[in-house]
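K.L.:
Model the following, please.
(one chain, ligands or ions: 1)
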Amino acid sequence: MRENLYLIGFMGSGKSTVAKELQKKHGMELVEMDDRIAEEAGMSIPEIFETKGEAAFRSMETELLREIGRGENTVISCGGGVPMREENVRLMKESGKIVLLTAKPETILERVKNDVNRPLLKGRKNTEGIAGLMEQRRPAYEAASDFSVPVDGRSAAEIAEEILGRM
Ligand code: S3P
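P.N.:
Just a heads-up that it's a prediction; the model follows:
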């Protein structure tokens with residue numbers, strides 16, 4: 001595959017795990033956006049939110065997408081907020097396909113309940129809180145994506161196969 005493959009979706013939808021699967025079995029380069037941003041900033045995501053603010057973090061995401069867009073054959077595990085900026089969606093569309101991973105709020109809760117690295121989940125670690133933010137984001141997620149893949153009860157290998165089969 002020459003084009004890039006952008007995985008989008010809610011926190012905990014499995015973007016990182018599926019991206020690693022595509023890297024290992026299908027020889028794609030991998031960019032984990034949160035890790036790259038934390039590495040370049042020299043601090044964790046919660047520290048960036050605390051000391052620089054969310055707006056600064058969002059600009060770092062856009063900056064990183066510009067850089068990623070110059071490469072190819074890369075699978076990108078996007079931060080959950082990436083599709084919320086039109087410019088980000090444009091940058092992704094220009095250099096690859098966008099695949100949305102969808103999951104039930106219950107599945108997300110199970111995966112993130114012990115997580116301390118996602119500032120936006122503070123005070124939302126229950127199905128209602130997760131479902132609420134998910135609904136707010138759904139229109140943008142759906143508009144950005146070329147197609148979507150449900151993940152509930154499925155392995156990363158299965159999901160990766162489905163994605164490649166539909167590319
Ligand atoms: C965010 C999702 C996180 C991270 C940050 C904000 C969001 O990434 O970028 O905490 O706005 O949904 P993951 O989706 O990889 O958890």
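K.L.:
CA only for contacts and neighbour counts going forward, please
P.N.:
Will do.
K.L.:
Could you tell me which residues of this structure lie near the ligand?
P.N.:
Contact residues (C-alpha under 6 Å from any ligand atom) of the chain with the ligand: Phe10, Met11, Gly12, Asp34, Gly79, Gly80, Gly81, Arg118, Pro119, Leu120.
K.L.:
which residues sit in contact with the residue nearest the centre of the chain?
P.N.:
Nearest to the geometric centre of the chain sits Cys78, at 3.0 Å (C-alpha atoms, centre = their mean). Taking C-alpha atoms under 8 Å, 6 or more residues apart in numbering, we find Cys78 in contact with Tyr6, Leu7, Ile8, Gly9, Lys15, Glu32, Met33, Asp34.
K.L.:
ok so, going back, separate out the buried members of the residues of the chain next to the ligand.
P.N.:
The neighbour-count test (16 or more other C-alpha atoms under 10 Å) applied to the residues of the chain next to the ligand identifies Phe10, Met11, Gly12, Asp34, Gly79, Gly80, Gly81, Pro119, Leu120 as buried.
K.L.:
shaky segments in this protein?
P.N.:
Where the chain drops to pLDDT under 70, the residues are 1.
K.L.:
How are the helices of it distributed by residue range?
P.N.:
Along the chain, counting by DSSP state H, helices occupy 15-26, 33-41, 45-51, 54-68, 86-95, 105-112, 127-144, 156-166.
K.L.:
Pull out the buried residues from the fourth one.
P.N.:
If I follow you right, that is helix 54-68. For helix 54-68, by 16+ other C-alpha under 10 Å, it's Glu54, Phe57, Arg58, Met60, Glu61, Thr62, Leu64, Leu65, Arg66, Ile68.
K.L.:
ok, Ala103 to the ligand distance?
P.N.:
For Ala103, the distance to the ligand equals 12 Å [C-alpha to the nearest ligand atom, to the nearest Å].
K.L.:
count of neighbours near that residue?
P.N.:
Neighbourhood size, Ala103 [other C-alpha atoms under 10 Å]: 20.
K.L.:
you'd agree it is up against Lys15?
P.N.:
No - the criterion here is C-alpha atoms under 8 Å, and Ala103 misses it with Lys15 at 11.1 Å.
K.L.:
Now do the contacts for the residue of the chain most remote from its centre.
P.N.:
Distance from the centre of the chain peaks at Thr51, with 22.7 Å (C-alpha atoms, centre = their mean). Shown in contact with Thr51 (C-alpha under 8 Å, 6+ apart): no residues.
K.L.:
rerun at 10 Å
P.N.:
Thr51 sits next to Met43 when contact means C-alpha atoms under 10 Å, 6 or more residues apart in numbering.
K.L.:
And the one 3 residues further on, by the same measure?
P.N.:
With contacts defined as C-alpha under 10 Å, 6+ apart, the neighbours of Glu54 are Ile45, Pro46, Ile48, Met60, Pro119, Leu120.
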